[in-house]
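S.K.: let me see the structure of the following:
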Amino acid sequence: MGNCISYCSAELLDHELINCEAYVEGASSAIVIGSCSSDLVDPSDGPAILAEIAAGRARLINNVRVDLPLPSPLLTDSPVGGGSQIATTYDRTINLFDANVTADNVDFYNQVKNDRIGYIIIKEYGADRVTFISPTNGAGIKFTGGRVIPVAKTEFQSFQLIGAWSEKNDAGIFPTPAGVFS
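M.R.: I've put the predicted structure just below:
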């Protein structure tokens with residue numbers, strides 16, 4: 001008999017081991033952001049993503065630096081006496097650093113900050129795959145931040161933005177869509 005009562009699934013899913021320490025490297029230098037009006041369903045469907053880009057509902061952003069930091073749990077008191085707090089969802093963020101500082105990109109990032117983003121596809125540097133962020137709560141991804149002009153000439157001007165959303169589960173991993181990031 002177990003030490004706790006759970007009304008969820010009784011069996012744990014299999015865990016996959018990466019062989020020969022061939023761990024996936026971090027970093028990303030390209031993303032696709034999609035507007036809330038985009039109807040993209042499959043982030044591995046290259047022709048569908050290219051059609052969204054051509055229609056203006058998505059944009060490919062190259063030569064950037066992107067990372068996903070550790071999410072923060074939103075904790076709620078347990079409804080069971082003596083129980084631990086429960087993570088009902090997670091506040092998540094994505095950091096975007098873009099040194100492509102132009103007048104047009106000021107307008108672009110102002111629009112990104114003043115609207116909501118429906119999804120982000122992150123091309124992973126160390127693997128032939130993408131991470132697909134598509135919040136299910138209907139609120140999308142909200143960006144804050146802006147243009148930075150550093151004090152020293154040894155640093156680049158940049159746009160530094162943070163996208164935020166709430167989602168209980170981690171973003172999915174999918175095969176790289178053909179023709180999008182090449």
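
S.K.: check Cys130 and give its pLDDT.
M.R.: Quick fix: residue 130 reads Val, not Cys. At Val130, the model reports a pLDDT of 98.

S.K.: quick one, longest strand in the chain?
M.R.: strand 86-98 (DSSP state E).

S.K.: check which residues of that one are buried.
M.R.: By neighbour count with 16 or more other C-beta atoms under 10 Å, strand 86-98 contains the buried residues 89-90, 92-94, 96, 98. (Each C-beta comes from the backbone N, C-alpha and C, glycine too.)

S.K.: next, format those as CSV and append distance to Pro135.
M.R.: Listed next are the buried residues of strand 86-98 as CSV, based on distance: C-beta to C-beta, whole Å:
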residue, distance to Pro135
Thr89, 10
Tyr90, 11
Arg92, 9
Thr93, 12
Ile94, 11
Leu96, 16
Asp98, 22
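
S.K.: next, Asn105: phi, psi?
M.R.: Backbone torsions of Asn105, given as degrees, to the nearest 10, read phi -70, psi -30.

S.K.: that one - how many residues pack around it?
M.R.: If you count neighbours by other C-beta atoms under 10 Å, Asn105 ends up with 15.

S.K.: ok, now which ones touch it?
M.R.: Applying C-beta atoms under 8 Å, 6 or more residues apart in numbering to Asn105 gives the contacts 98, 159.

S.K.: measure it to Ser158 for me?
M.R.: Asn105 is 10 Å from Ser158, where distance means C-beta to C-beta, to the nearest Å.

S.K.: between those two, which contacts overlap?
M.R.: Shared contacts of Asn105 and Ser158, counting by C-beta under 8 Å, 6+ apart, come down to Asp98.

S.K.: quick one on the thing from earlier: who does the longest strand of the chain touch, helix- and strand-wise?
M.R.: When contacts are defined as 3 or more C-beta pairs under 8 Å, 6 or more residues apart in numbering; DSSP states H and E, strand 86-98 packs onto strand 65-67, strand 72-76, strand 158-166.

S.K.: now do the contacts for the residue most central in space within the chain.
M.R.: By C-alpha atoms, centre = their mean, the mean C-alpha position of the chain lies nearest to Ile133, the distance being 4.3 Å. Residues near Ile133 by C-beta under 8 Å, 6+ apart: 92, 94, 119-122, 141, 165, 171.
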